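Visitor: Requesting a structural model of the entry that follows:
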Amino acid sequence: MKKNIQSLLFIFLVTITYSQNITVEYEYNFNSNTYKNELTINSSGSLWNYNASDQKTIDENLLDLFIIKKYEDESIYMTEEIFSAKFLVKDSLNIFEWKLENETKEILGYQCFLATTVFRGRKYNAYYTPDLAYPEGPWKFYGLPGLILSVSSEDNLIQYEALKIELDNTKTINLQIKSKDNYITWDEYKKKFILTFDNYIKRIKASGSVDDGSDVTIKILSPEIIYPKIQGGDGVKF
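Guide: Next up, the predicted model:
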(Lines give C-alpha, C1' and ligand atoms only; values in the text may rest on other atoms or scores of the structure.)
Protein backbone atom coordinates (compact mmCIF):
# COMPACT_ATOMS: atom_id res chain seq x y z
CA MET A 1 0.00 0.00 0.00
CA LYS A 2 2.84 2.35 0.88
CA LYS A 3 4.48 1.69 -2.51
CA ASN A 4 1.21 2.45 -4.31
CA ILE A 5 0.87 5.77 -2.48
CA GLN A 6 4.45 6.69 -3.33
CA SER A 7 3.86 5.81 -6.99
CA LEU A 8 0.70 7.92 -7.13
CA LEU A 9 2.54 10.81 -5.46
CA PHE A 10 5.35 10.55 -8.03
CA ILE A 11 2.87 10.58 -10.93
CA PHE A 12 1.10 13.57 -9.38
CA LEU A 13 4.34 15.52 -8.99
CA VAL A 14 5.42 14.78 -12.58
CA THR A 15 1.98 15.86 -13.85
CA ILE A 16 2.21 19.14 -11.90
CA THR A 17 5.70 19.78 -13.28
CA TYR A 18 4.58 19.08 -16.84
CA SER A 19 1.52 21.30 -16.54
CA GLN A 20 3.66 24.34 -15.84
CA ASN A 21 4.93 26.55 -18.62
CA ILE A 22 8.68 26.93 -18.33
CA THR A 23 11.00 29.42 -20.00
CA VAL A 24 14.74 28.89 -20.21
CA GLU A 25 17.23 31.48 -21.42
CA TYR A 26 20.36 30.01 -22.98
CA GLU A 27 23.67 31.46 -23.99
CA TYR A 28 24.62 30.09 -27.39
CA ASN A 29 28.22 30.12 -28.57
CA PHE A 30 28.84 29.28 -32.21
CA ASN A 31 32.28 29.63 -33.78
CA SER A 32 33.33 32.17 -31.08
CA ASN A 33 30.16 34.28 -31.54
CA THR A 34 27.74 34.58 -28.60
CA TYR A 35 23.93 34.89 -28.73
CA LYS A 36 21.00 34.77 -26.31
CA ASN A 37 18.25 32.28 -27.19
CA GLU A 38 15.04 31.35 -25.40
CA LEU A 39 13.05 28.13 -25.04
CA THR A 40 9.44 28.18 -23.80
CA ILE A 41 7.68 24.88 -23.11
CA ASN A 42 4.07 23.97 -22.42
CA SER A 43 2.14 20.69 -22.31
CA SER A 44 1.76 20.43 -26.09
CA GLY A 45 5.19 21.51 -27.30
CA SER A 46 7.82 24.22 -27.27
CA LEU A 47 8.93 27.37 -29.07
CA TRP A 48 12.60 28.17 -29.67
CA ASN A 49 13.28 31.87 -30.23
CA TYR A 50 16.66 32.67 -31.74
CA ASN A 51 16.48 36.10 -30.11
CA ALA A 52 15.59 36.01 -26.42
CA SER A 53 12.73 38.46 -26.02
CA ASP A 54 9.14 38.75 -24.85
CA GLN A 55 7.91 37.48 -28.22
CA LYS A 56 5.98 34.23 -27.78
CA THR A 57 4.55 33.92 -31.29
CA ILE A 58 6.02 33.56 -34.75
CA ASP A 59 4.80 34.66 -38.15
CA GLU A 60 5.26 31.90 -40.73
CA ASN A 61 4.38 34.31 -43.53
CA LEU A 62 7.33 36.53 -42.60
CA LEU A 63 9.55 33.46 -42.22
CA ASP A 64 10.75 34.43 -38.78
CA LEU A 65 13.56 32.22 -37.53
CA PHE A 66 11.99 29.69 -35.18
CA ILE A 67 11.80 26.06 -34.11
CA ILE A 68 8.49 24.61 -32.91
CA LYS A 69 8.34 21.12 -31.41
CA LYS A 70 4.89 19.53 -31.51
CA TYR A 71 4.41 16.54 -29.24
CA GLU A 72 1.10 15.42 -30.77
CA ASP A 73 2.48 14.58 -34.21
CA GLU A 74 6.09 14.09 -33.01
CA SER A 75 7.40 16.70 -35.43
CA ILE A 76 9.66 19.74 -35.51
CA TYR A 77 8.60 22.75 -37.61
CA MET A 78 11.29 25.32 -38.32
CA THR A 79 12.90 27.79 -40.65
CA GLU A 80 16.23 26.98 -42.29
CA GLU A 81 18.44 29.31 -44.31
CA ILE A 82 20.52 28.95 -47.44
CA PHE A 83 22.33 32.24 -48.03
CA SER A 84 19.52 34.79 -47.60
CA ALA A 85 16.72 32.42 -48.66
CA LYS A 86 14.56 30.92 -45.91
CA PHE A 87 12.64 27.65 -46.06
CA LEU A 88 9.89 26.14 -43.92
CA VAL A 89 11.06 22.64 -42.98
CA LYS A 90 9.40 19.76 -41.13
CA ASP A 91 11.50 17.11 -39.41
CA SER A 92 10.91 14.21 -37.01
CA LEU A 93 11.03 14.93 -33.29
CA ASN A 94 12.71 11.58 -32.60
CA ILE A 95 15.99 12.18 -34.41
CA PHE A 96 18.41 11.71 -31.50
CA GLU A 97 19.87 8.46 -30.18
CA TRP A 98 21.16 9.15 -26.68
CA LYS A 99 23.61 7.21 -24.52
CA LEU A 100 23.17 7.88 -20.80
CA GLU A 101 26.39 8.22 -18.79
CA ASN A 102 27.17 8.24 -15.03
CA GLU A 103 28.95 11.61 -14.89
CA THR A 104 27.12 14.44 -13.07
CA LYS A 105 27.51 18.16 -12.43
CA GLU A 106 25.43 20.97 -10.96
CA ILE A 107 23.92 23.69 -13.16
CA LEU A 108 21.79 26.50 -11.73
CA GLY A 109 21.29 24.47 -8.55
CA TYR A 110 20.06 21.34 -10.38
CA GLN A 111 21.89 18.02 -10.39
CA CYS A 112 22.50 17.15 -14.03
CA PHE A 113 23.53 13.91 -15.70
CA LEU A 114 25.66 13.44 -18.80
CA ALA A 115 24.28 12.00 -22.03
CA THR A 116 26.03 11.75 -25.39
CA THR A 117 24.83 11.54 -28.97
CA VAL A 118 26.08 11.77 -32.54
CA PHE A 119 23.81 13.97 -34.63
CA ARG A 120 24.30 14.88 -38.27
CA GLY A 121 28.06 14.83 -38.26
CA ARG A 122 28.86 16.03 -34.75
CA LYS A 123 29.23 14.36 -31.36
CA TYR A 124 27.54 16.17 -28.45
CA ASN A 125 27.81 16.03 -24.67
CA ALA A 126 24.60 17.12 -22.93
CA TYR A 127 23.72 17.59 -19.26
CA TYR A 128 20.07 17.12 -18.31
CA THR A 129 18.19 17.26 -15.01
CA PRO A 130 15.42 14.79 -14.10
CA ASP A 131 14.25 17.36 -11.53
CA LEU A 132 12.59 19.18 -14.44
CA ALA A 133 10.70 16.36 -16.14
CA TYR A 134 10.64 17.71 -19.69
CA PRO A 135 12.29 15.74 -22.55
CA GLU A 136 13.34 19.12 -23.96
CA GLY A 137 16.43 21.14 -24.69
CA PRO A 138 17.84 24.02 -26.69
CA TRP A 139 17.64 24.14 -30.48
CA LYS A 140 16.44 20.76 -31.84
CA PHE A 141 17.68 18.70 -28.89
CA TYR A 142 15.02 16.38 -27.49
CA GLY A 143 14.39 12.98 -25.96
CA LEU A 144 16.23 12.81 -22.62
CA PRO A 145 14.50 12.03 -19.28
CA GLY A 146 14.81 15.63 -18.14
CA LEU A 147 15.46 19.17 -19.35
CA ILE A 148 18.84 19.76 -21.02
CA LEU A 149 20.63 22.68 -19.35
CA SER A 150 23.98 22.39 -21.12
CA VAL A 151 25.15 20.88 -24.39
CA SER A 152 28.31 21.24 -26.44
CA SER A 153 29.86 19.65 -29.50
CA GLU A 154 33.15 17.83 -28.99
CA ASP A 155 34.84 20.12 -31.51
CA ASN A 156 33.77 23.12 -29.34
CA LEU A 157 32.11 24.82 -32.31
CA ILE A 158 28.69 24.74 -30.60
CA GLN A 159 27.83 25.37 -26.94
CA TYR A 160 24.52 25.99 -25.17
CA GLU A 161 24.37 26.88 -21.47
CA ALA A 162 21.24 27.70 -19.46
CA LEU A 163 21.46 31.12 -17.81
CA LYS A 164 18.02 31.40 -16.24
CA ILE A 165 14.99 29.17 -15.65
CA GLU A 166 11.54 30.62 -15.08
CA LEU A 167 8.61 28.48 -13.98
CA ASP A 168 5.46 30.44 -14.77
CA ASN A 169 1.93 29.16 -15.37
CA THR A 170 0.77 32.54 -16.74
CA LYS A 171 2.88 32.68 -19.90
CA THR A 172 1.34 31.46 -23.13
CA ILE A 173 2.90 30.57 -26.47
CA ASN A 174 1.23 30.02 -29.82
CA LEU A 175 2.33 26.70 -31.30
CA GLN A 176 -0.23 26.62 -34.09
CA ILE A 177 1.15 25.69 -37.50
CA LYS A 178 -1.04 27.54 -39.99
CA SER A 179 0.35 26.28 -43.28
CA LYS A 180 1.64 22.71 -42.98
CA ASP A 181 1.40 22.23 -46.75
CA ASN A 182 4.10 24.89 -47.19
CA TYR A 183 6.67 22.85 -45.27
CA ILE A 184 9.20 20.67 -47.06
CA THR A 185 10.78 17.56 -45.56
CA TRP A 186 14.32 17.50 -44.20
CA ASP A 187 15.44 15.32 -47.13
CA GLU A 188 13.99 17.85 -49.58
CA TYR A 189 15.82 20.65 -47.79
CA LYS A 190 19.10 18.71 -47.96
CA LYS A 191 18.72 18.37 -51.74
CA LYS A 192 18.12 22.13 -52.05
CA PHE A 193 21.17 22.83 -49.87
CA ILE A 194 23.48 20.64 -51.95
CA LEU A 195 22.12 21.89 -55.29
CA THR A 196 22.41 25.54 -54.22
CA PHE A 197 26.08 25.22 -53.29
CA ASP A 198 26.95 23.12 -56.34
CA ASN A 199 25.46 25.83 -58.56
CA TYR A 200 27.25 28.53 -56.54
CA ILE A 201 30.62 26.84 -57.05
CA LYS A 202 29.92 26.38 -60.77
CA ARG A 203 29.06 30.07 -61.15
CA ILE A 204 32.28 31.12 -59.42
CA LYS A 205 34.37 28.88 -61.66
CA ALA A 206 32.51 29.98 -64.80
CA SER A 207 32.89 33.68 -63.97
CA GLY A 208 36.67 33.51 -64.16
CA SER A 209 36.94 35.58 -60.99
CA VAL A 210 39.11 32.90 -59.36
CA ASP A 211 42.24 31.68 -61.14
CA ASP A 212 42.97 27.97 -61.25
CA GLY A 213 45.37 26.98 -58.51
CA SER A 214 44.72 30.12 -56.47
CA ASP A 215 44.56 29.79 -52.70
CA VAL A 216 40.82 30.38 -52.34
CA THR A 217 38.64 28.14 -50.17
CA ILE A 218 34.91 27.96 -49.50
CA LYS A 219 33.87 26.29 -46.25
CA ILE A 220 30.40 26.58 -44.72
CA LEU A 221 30.08 26.30 -40.95
CA SER A 222 26.71 25.18 -39.60
CA PRO A 223 25.57 22.89 -36.77
CA GLU A 224 24.40 20.12 -39.13
CA ILE A 225 26.84 18.71 -41.64
CA ILE A 226 24.63 18.25 -44.68
CA TYR A 227 27.24 18.44 -47.44
CA PRO A 228 30.68 17.24 -46.24
CA LYS A 229 32.30 18.49 -49.45
CA ILE A 230 31.92 22.12 -48.34
CA GLN A 231 31.34 21.68 -44.60
CA GLY A 232 34.08 19.23 -43.66
CA GLY A 233 37.85 19.24 -43.79
CA ASP A 234 39.30 22.28 -45.51
CA GLY A 235 36.24 22.93 -47.66
CA VAL A 236 36.34 23.43 -51.43
CA LYS A 237 39.57 24.84 -52.84
CA PHE A 238 39.89 26.68 -56.16
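Visitor: elements contacting the longest helix seen in the chain?
Guide: Counting by DSSP state H, the longest helix found in the chain is helix 186-207. For helix 186-207, the elements it packs on are strand 75-82, strand 85-92, judged by 3 or more C-beta pairs under 8 Å, 6 or more residues apart in numbering; DSSP states H and E. Using the backbone N, CA and C atoms, a C-beta is placed for each residue, glycine as well.
Visitor: Beyond that helix, next helix or strand please.
Guide: strand 217-218 (DSSP states H and E).
Visitor: helices and strands around that next one, which ones?
Guide: strand 236-237.
Visitor: Compute the number of surrounding residues for the residue nearest to K99 when sequence neighbours are not counted.
Guide: Distances taken as C-beta to C-beta, 6 or more residues apart in numbering place T116 nearest to K99, at 5.0 Å, with adjacent residues excluded. For T116, the count of nearby residues is 15 (other C-beta atoms under 10 Å).
Visitor: if I look at T116, how far off is S153?
Guide: 11 Å (C-beta to C-beta, to the nearest Å).
Visitor: Overlap of the contact sets of those two?
Guide: 123-124 (C-beta atoms under 8 Å, 6 or more residues apart in numbering).
Visitor: Mind listing what's buried along stretch 184-201?
Guide: Neighbour counts using 16 or more other C-beta atoms under 10 Å place 186, 189-190, 192-193, 197, 200 of stretch 184-201 among the buried residues.
Visitor: Can you give me the first-to-last residue distance of stretch 99-117?
Guide: Start and end residues of stretch 99-117 are separated by 6 Å (C-alpha to C-alpha, to the nearest Å).
Visitor: So what touches that stretch?
Guide: 96-98, 123-132, 144, 146, 149-150, 161-162, 164-165.
Visitor: List only those of the residues you listed flagged as buried.
Guide: 96, 98, 124, 126-129, 132, 144, 146, 149-150, 161-162, 165.
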